[in-house]
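>>> Quick one: sequence and predicted model below, then my questions.
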Amino acid sequence: MSLLPLIPLFPLVGAAACAILHARTLAARRRDAGAAQNERVVGAIATLAIVASFAVSVAGFFIIQHEPERRVAWIVSNWIPTGGQTIDFGFVLDPLSSVMCLVVSGVGALIHMYATGYMRGDKGYARFFTYLNLFVAAMLILVLADSLPILFIGWEGVGLCSYLLIGFWHENMKYAEAGQKAFVVNRIGDFGFLLAMFGAATWCVDAAGKGSFQFAAINESVLAGHVEPWQVTVIGLLLFVGACGKSAQLPLYVWLPDAMAGPTPVSALIHAATMVTAGVYLVIRMHPIFDASVLASSVVACVGAATALFAATMGLVARDIKKVLAYSTISQLGFLFLGAGCGAYDASFYHLVTHAFFKALLFLGAGAVILAMHHEQDLFKMGGLKRALPLEYRTMFVGAAALAGIPLMSGFFSKDEILGGVLAGRPVFGNEQINLVLYVVGAATALMTAFYTFRLIYLAFEGESRSNEHPHANPASMTIPLAALALLTIAAAALGLPSVFGEFKPLEHWLNPVLELGGESGNAAKAHGLSHSAQWLLLGASAAIAMIGYSLARATYGGGLAKSRARAEAMPGIYKTLVDRWYVDELYHAVFTKTLRLAGVVAGLFDAYVVDGAVNGVAASAKRAAAAARGLADGKLQSYSLWFGAGAVALVAAVLLLI
Amino acid sequence: MSDDLLRFAPIALPIAGAVLGMLLEALLRKPKVAMWLTVASLAGSIVSVFGGATGLAGYGSELYTLDAAGGILTAGASAFALLALFLSVNYLKPQDDEFPGEIPILLALVPAGIGIIAGARHAMMIFLGIELLSVPLYALVALRRANAAAVEGAVKYFLLGAFAAGFITFGMSLLFASEHSLDLDALRAAAGRSPVAAAGTALFLAGLLFKLSAAPFHFWTPDAYEGAATPVTALMASTTKIGAVAGLLKITPLLPASAWPALAAIALLSIAAGNFGALLQDRVKRILAYSSVAHAGTILLALAAGLSAADPALAADLHSAASRASVYYLIAYGASAFGAFGIIAILERGGDRFRTIGDFRGLSRRQPAAAWLLTFFLLSLGGIPPTGGFWAKYFVFATAVQAGQLWIAVAGIILSVVGVAYYLRIVATCFMASEDAELGAPPQGKVPLPALLATLAAGVGVLVLGFAPAELLGLIGR
Amino acid sequence: MNDWILPLLVGIPALGALAVALAPAKRDGLFSLALLFCAAEAALAIFTFTKFDGTNPNEQFSFSRPWFALPTGAGEAVPVAFHLGIDGLSLLLVALSGLLAPVILLSAKGHIERREREFLVWSLVMIAGMQGVFLSRDLLLFYFFWEISLIPLYFIIGIWGGPRRVYATVKFFLYTLAGSVVMLIALLYLAYNFGTVAIQELSTKDIPVRAQLGCFLAFALAFAIKVPMVPFHTWLPDAHVEAPTAGSIVLAGVLLKMGTYGFLRLGVGMFPAAAVQCGPWIAGIGAAGIIYGSLLAYGQSDMKKLIACSSVAHMGTIVVGMFALNAAGLRGGILQMINHGLSTGLLFLLVGVLYERRHVREIAEFGGLAQVIPAFAVVLTVATFSSIGLPGLNGFPGEFLCLKGAFDASPLLGAAAAVGTVLGAVYMLSMLRRVAFGPITRGENQKLIDLNGREWASAIILLIPMVWIGLQPSLFIKPTEPAVDLLISQIEKGRRSLALENGASLKIANAGAAETGKSGGRR
């Protein structure tokens, strides 16, 4: 389908147009021709580019329904002829990528619209939309890619845009550092990704012994059992290293909290709704590998669970409104991996979609609050905003309810599906007891999630104002996306209601061609299944957990900060540890950054004194030899004659010896 | 009869020119006459070589027959002497009253001596040639008799030269005692049979190696080179080695093939001694003097290779390869060294400036043409393409490799990289002095035209050799 | 008709050098004259690229004239020819050298204020020498040009360089010369034992494995120093730091590639068995170089030195790719040579832009430049990301192929080499951040002037192929394929002869063991 390349092409053209406008602005500024920046034009171009992309995605969604295998492909052959497995530049639209396209371009369009208001008056307005459009283009390439290297283009492209956007206000060195940190940590993940890519291409061969970079071929090869089990495990683990980087999992999560340095729409789009889910997308896309390797999938599940719990603990005490949401994002991404690792891919993807909606909503709401509060981000300096920002409050409450898993909200169902999937899913490390442990971890995380979510709501909106600032109202361009996302958040519940509500599971049915690759066994969670009564039990437990969390938050923060202070003082050790984020950043700094810097210094000294020292040593010994040679020539005739005679004698002796 | 005239023309003409010049000089007291006579006789010598004087047999050919390689050497020596004459004409002009008519006369005798060695078929002839070559040089070095360094250099050169002559005669007597002949063919046929003859040959070699300034017989070289007037140094650098190698080409085959490591050791020792000796010198002429020691070593590498085959068929091949390579080397090195000294002579113009390396600081800004030419000659000495020096090195090492002496070739070539260091040092001083650094001494007066032409001729030679190595190779091989 | 293209590629700059040396014109006239020749060279190089038949594995546009014969005795002689030819291995490098010619001059316009005529002459000689190296199909001619190309850079660094220029330039000259002279001995050995110095002919000879090994090592020393591979690299940072911008561009852009190209053309092409034998070691050293060079780069505070050290790392990647000795690695190596030339060339160009304005190169002297000179910052960002292999720019396909080849040769090698992608991001982004981002810490930087027309022109000459290669790498890889396949078959031949040799020695050993066994039994 020739429409396919249009999906990323529109944002790409939009980015180019914005870049040109930005260059003109700069030129005008240099000539002191006043601010020639036309924000309306830039905003319109950028937003319309994404809307156009969304429109094509919708068209594609309908088109593939009529295709035999619900997939269309577009391939330009021979992008990189490697001499072995040639890499084609190919896109494929199948149920999975189609939904991703819809989410990315749909949420993307709303966030673009929001950003036209949020970024108003910034001197890098056009630059911002250049990056933002470029990001959407890269993200769409990522999800449309039909092979690992093409996905990697998008993968690195979103990384680049993330880098540029985190450090968007580059005058601030801290922000620039945060951008760099994000890119470098992601590169560590990419290291695994690259090797996984090579391993997959080299080891995953078809019956004829030929490898490929294409997902379809790799999955097929794994399913057909043409690959050694250890190789599958290695590929799976390396892929997961890549996913850990991009999706901020332990131990590579550290960049995401810092990434909040970027403008809030960026946090909403990149660091909540789209880019960070790329790792999960990758795991789902290549799930036959994880199905085939117990070790790899178990590692995914355990790391996911650990990340979910760990990040949630830090969310409990964070004061920066965006940081709370950032930890929550890491935690929720952990949930996604937990589900995926247990084989509950449909549940995981369901939660991915709902999370995209409600987390984008929460971030945008937070942005609206921040802007209204004149760039105040400290929750402890907010409060009572309910009155000044009623729409923001309502929409954010919807988002918070979804995140906390308040019954009947989309987040409630999707999270519950994952927890159910953990219990019913494939035994982790072959041991069902571990699944139970992971369920408990998930449930504890859910409890904390509900707590910190409503803590945020209470601190920001309820009670008395703790700030001297007078919040101002936000423009319609910002509030409309909030409302739209709130509606989406509510409506998304319908995508995957549990089977106790009937077999109405549009998302799962839609994804079946992708997820049931390899038959029932591939979709482990469903294969096991849970009885209706068990499902009811789980739903009840989830609801109870959410309500407990809510009540705790209400009890603690309903009446201002006093109670929370008291609790914090009651357990200073834990509180301090959490506030200091378990000292992980400090640990990393000490272990990696300092080691690397030391290694650089040591290498420099070694180079100067040993390696180059040897070179200069050769020169120095030549000079010593030269001094000796000069010493021999003392200018005295006697010694010259002596040398002459000695030489002649030696020559005669040598000749006589040699004959 | 006419053949005999032609046969002896390459040596007879310069000698005749010198004798006639001496008489006329005494009678007329006009140095110019002697000069032009020398020019004519040297030119005649060159013309006669290319006019068919080589390879002829006739009266006395058991003593003297010039072969193709010998012809090239003789013609080369004559040419360098001719160029040296042009170089010296105006060099001493500031002291016009002192301009000695003996310069052209002495100059003419040098190539005559070389011609005799090059054509010698009898050991005594080689000795004769060496003395004919050396005695004028002693005098030439001492030419500036008011100059202490010149006198010192000349004395050292002369005394050690006498030493060398003693070794040669002793060696000859041993040879004669053992083989009852000094005919080279006969000696060669008997090579390796008698230790006495081998010892005699070695002593003869020692004398020749002195002339070549190979280590450890080289210590006179820096003193003599520095002391002599630069045109004379140019002559010494370019021609004495020709004479020495012409002799070595005839004497080394008298050794048994198994003695080649001795020669190779001297070769490597010379390269090392020359290059390391030059490395820390500050006087440019001394640097070039030491460099000539290293070059002597390089030529010896070819000769050692030429000696090394025991199998007669191979030996003939190798010997001709060695003689080709060494002749080529002599011409290319001679031209390069002559050019370098020529530039210095032109810069000095009789004065004593441009002695230390510091005097060359910033030369490229003051005298760009001189700096460029000097660089060109130095690169050739360093064996960097596209110069004759590159091919000279190439052919020498080719011979060594042909003889299978890979490791000696590797050692030699790595040691010769050291040499490039001090050539580059001079180049760097000329070109890379910082803007605010104190520049070297400014040259005085006009550039002497004959000297310039002589130097340019050397430059053209090096350039042609650099791009068309085949031509000279063809002449030698003929 | 076509056989005149290659002599012209060498001849145009050579003639240009002569013309500039002799021209009576004043300064600007001289520059325009030289630029004219460089533009002609670039145009001819691009023309060559377009006319090249990408399906033909053999040399094209051949030009061959006998030069002289080296007698080997008994009436035999080794013919030496002035033989130029181009094939897939050299095509891209020839095009790059041509393309860089005008860039070198343009970048120099602002720096070289004194002795301009000399500079132009040397630059043109340099280009002629490099083209000669890449086009030579005769070993001796190759060596001839190889050594000639030393001289111009010696002067360019030595005359127009920084305060320690003489030390740096002499070190560069002697170090590389010392490496290459041994190559001459190996060359002579080949000439005498195999009766030819034609590269193509030597490639078809069955050189015994032991001889291959010796010659390969002799050549490898020269190339390893030129590349430079760790631990022979220390001349490079010194040379770069002292060199004027034009010198750095030509050094990083093309000169280092003479080493990697030599490895391919001569090392692997002529001595495949030795290459197979030594391949893992050399690749290992390359991988070590990646990590070591990266660490060195991370420790630098001088921008030029940092980029110079990054060159060591990047050249390591190329070596790793090439000595993976498989199709992916070889293609990657060839492509990465070009990529490194483009991106590092651009980086040096940009450092030169700053140096021209501020006369400092310390990273700490800058900061916040994106606010003052945004266009510069954009180009610097592009160059940085090209250097660290961002997909969509040129660095990616090359690095990807190198790493893929390495992985196929040995997953551990691939993993070690891939560490460079992480470290590269660390030091390059640190530099970018400290130079371009953050607050403006120095008053002097407030009034910096953004890229001017001349600088834009030279940057764009480099940026266009950077983006083009990034988007359509196949266009640049395809023409090299047949030549690489030929090389692969050569490597296969090497593997076979090595196996044969090992088999034979194994047999001998077995026989020997049997013999001793027997004698032991007898006892």
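Arrived safely. Residues are numbered from 1 along each chain as shown, chains lettered A, B, ... in the order given.
>>> CA atoms for contacts and neighbours, from now on please.
Fine.
>>> surely B:F176 meets B:A186?
No - counting by Cα atoms under 8 Å, B:A186 is not a contact partner of B:F176; they are 10.9 Å apart.
>>> and those two? which has more neighbours close in?
Taking neighbours as other Cα atoms under 10 Å in any protein chain shown, B:F176 and B:A186 compare with B:F176 leading, 18 against 15.
>>> what bits of the chain have low per-residue confidence?
Answering for chain A, as no chain was given. Where chain A drops to pLDDT under 70, the residues are A:1, A:33-37, A:502-503, A:517-529.
>>> hmm, I had chain B in mind actually
B:1-2, B:92-99, B:350, B:352, B:436-444, B:477-478.
>>> Domain map for it?
Annotated domains of chain B cover B:1-255, B:259-478 [automatic domain parsing].
>>> could you redo these as JSON lines and give each row distance to C:L150?
Listed next are those as JSON lines, based on distance: least, Cα to Cα, whole Å:
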{"stretch": "domain B:1-255", "distance to C:L150": "28"}
{"stretch": "domain B:259-478", "distance to C:L150": "9"}
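>>> Count the neighbours of residue 133 for me.
No chain was given, so I picked chain A. Count around A:N133 with other Cα under 10 Å applied: 31.
>>> could you do chain C instead?
Quick note: C:V133 (other Cα under 10 Å) scores 29 neighbours.
>>> can I assume it is in contact with C:F142?
Yes - here C:V133 reaches C:F142: they are 5.2 Å apart, a contact under Cα under 8 Å.
>>> would you list every one of the strands in chain C?
With strands called from DSSP state E, chain C shows them at C:60-73, C:76-86.
>>> Distance to A:L389 and mean pLDDT added to these, as TSV?
Converted to TSV, the strands of chain C look like this (distance: least, Cα to Cα, whole Å; pLDDT from 0 to 100):
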stretch	distance to A:L389	mean pLDDT
strand C:60-73	75	84
strand C:76-86	72	89
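>>> Relative to chain B, tell me which of those strands wins on proximity.
Among those, strand C:60-73 comes nearest to chain B, with 4.9 Å by Cα to the nearest Cα.
>>> Just the buried positions in that closest one, please.
Buried residues in strand C:60-73, counting neighbours by 16 or more other Cα atoms under 10 Å in any protein chain shown, are found at C:60-64, C:67-73.
>>> now it and strand C:76-86, what's the angle there?
Orientation check (axes from the mean of the first three to the mean of the last three Cα atoms, to 10 degrees): strand C:60-73 against strand C:76-86 gives 160 degrees.
>>> And strand C:60-73, what does it pack against?
Applying 3 or more Cα pairs under 8 Å, 6 or more residues apart in numbering or on different chains; DSSP states H and E, one finds that strand C:60-73 contacts helix B:312-348, helix B:469-477, helix C:5-22, strand C:76-86.
>>> still on that earlier bit, of all the strands of chain C, which one is nearest A:A19?
If you check each of the strands of chain C against A:A19 by Cα to Cα, strand C:76-86 wins as the nearest, at 40.7 Å.
>>> what residues does chain A put near chain C?
With Cα under 8 Å from any Cα of the partner chain as the criterion, chain A comes near chain C at residues A:78-84, A:152-153, A:156-157, A:170-174, A:176-177, A:180, A:183-184, A:187-188, A:191, A:194-195, A:198-199, A:202, A:596-597, A:599-601, A:603-604, A:607, A:611-612.
>>> just checking: which of the residues you listed also lie near chain B?
Okay, of the residues of chain A next to chain C, nothing touches chain B (Cα under 8 Å from any Cα).
>>> So which of those are in strands?
A:78-80.
>>> what comes up buried for stretch A:563-582?
A:564, A:575, A:578-579, A:581-582.
>>> I would like the residues contacting that stretch, please.
A:313-314, A:316-318, A:556-557, A:583 (Cα atoms under 8 Å, 6 or more residues apart in numbering or on different chains).
>>> wait, which of those is closest to chain C?
Chain C lies nearest to A:Y583 out of the contacts of stretch A:563-582, by Cα to the nearest Cα, at 22.3 Å.
>>> So for C:V419, what's the pLDDT?
C:V419 carries a pLDDT value of 93.
>>> Within range of chain B, give me the residues from chain A.
By the criterion of Cα under 8 Å from any Cα, the positions of chain A lying close to chain B are A:622-623, A:625-627, A:629-630, A:633, A:635, A:637, A:640-641, A:643-644, A:647-648, A:651-656, A:658-659.
>>> Give me the subset of those lying in helices.
A:622-623, A:625-627, A:629-630, A:637, A:640-641, A:643-644, A:647-648, A:651-656, A:658 (DSSP state H).
>>> Secondary structure element holding the closest residue to chain C within the stretch 101-250 of chain B?
Of all residues in the stretch 101-250 of chain B, B:L249 sits closest to chain C, at 17.6 Å by Cα to the nearest Cα. Assigned by DSSP states H and E, B:L249 belongs to helix B:241-251.
>>> what element comes up after that helix heading to the C-terminus?
Following helix B:241-251 in sequence, per DSSP H and E, is helix B:260-279.
>>> Let's see the helix or strand just after that following helix as PDB, backbone CA atoms only.
For helix B:260-279, the following helix or strand on the C-terminal side (DSSP H and E) is helix B:284-307. Written as PDB, here are the backbone C-alpha positions of helix B:284-307 (Å, rounded to 0.1, in the frame of the first residue of the first chain):
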ATOM      1  CA  VAL B 284      75.700  21.800   8.600                       C
ATOM      2  CA  LYS B 285      78.800  20.700   6.800                       C
ATOM      3  CA  ARG B 286      79.600  18.300   9.600                       C
ATOM      4  CA  ILE B 287      76.100  16.900   9.400                       C
ATOM      5  CA  LEU B 288      76.500  16.300   5.700                       C
ATOM      6  CA  ALA B 289      79.900  14.800   6.300                       C
ATOM      7  CA  TYR B 290      78.500  12.300   8.700                       C
ATOM      8  CA  SER B 291      75.700  11.700   6.300                       C
ATOM      9  CA  SER B 292      78.300  10.800   3.700                       C
ATOM     10  CA  VAL B 293      79.500   8.100   6.100                       C
ATOM     11  CA  ALA B 294      76.000   6.700   6.300                       C
ATOM     12  CA  HIS B 295      75.800   6.700   2.500                       C
ATOM     13  CA  ALA B 296      79.100   5.000   2.200                       C
ATOM     14  CA  GLY B 297      77.500   2.300   4.400                       C
ATOM     15  CA  THR B 298      74.500   2.000   2.200                       C
ATOM     16  CA  ILE B 299      76.700   1.500  -0.900                       C
ATOM     17  CA  LEU B 300      78.600  -1.200   1.000                       C
ATOM     18  CA  LEU B 301      75.400  -3.000   1.600                       C
ATOM     19  CA  ALA B 302      75.200  -3.500  -2.200                       C
ATOM     20  CA  LEU B 303      78.800  -4.600  -2.300                       C
ATOM     21  CA  ALA B 304      78.300  -7.100   0.500                       C
ATOM     22  CA  ALA B 305      75.300  -8.500  -1.300                       C
ATOM     23  CA  GLY B 306      77.300  -8.600  -4.500                       C
ATOM     24  CA  LEU B 307      79.900 -10.700  -2.800                       C
END
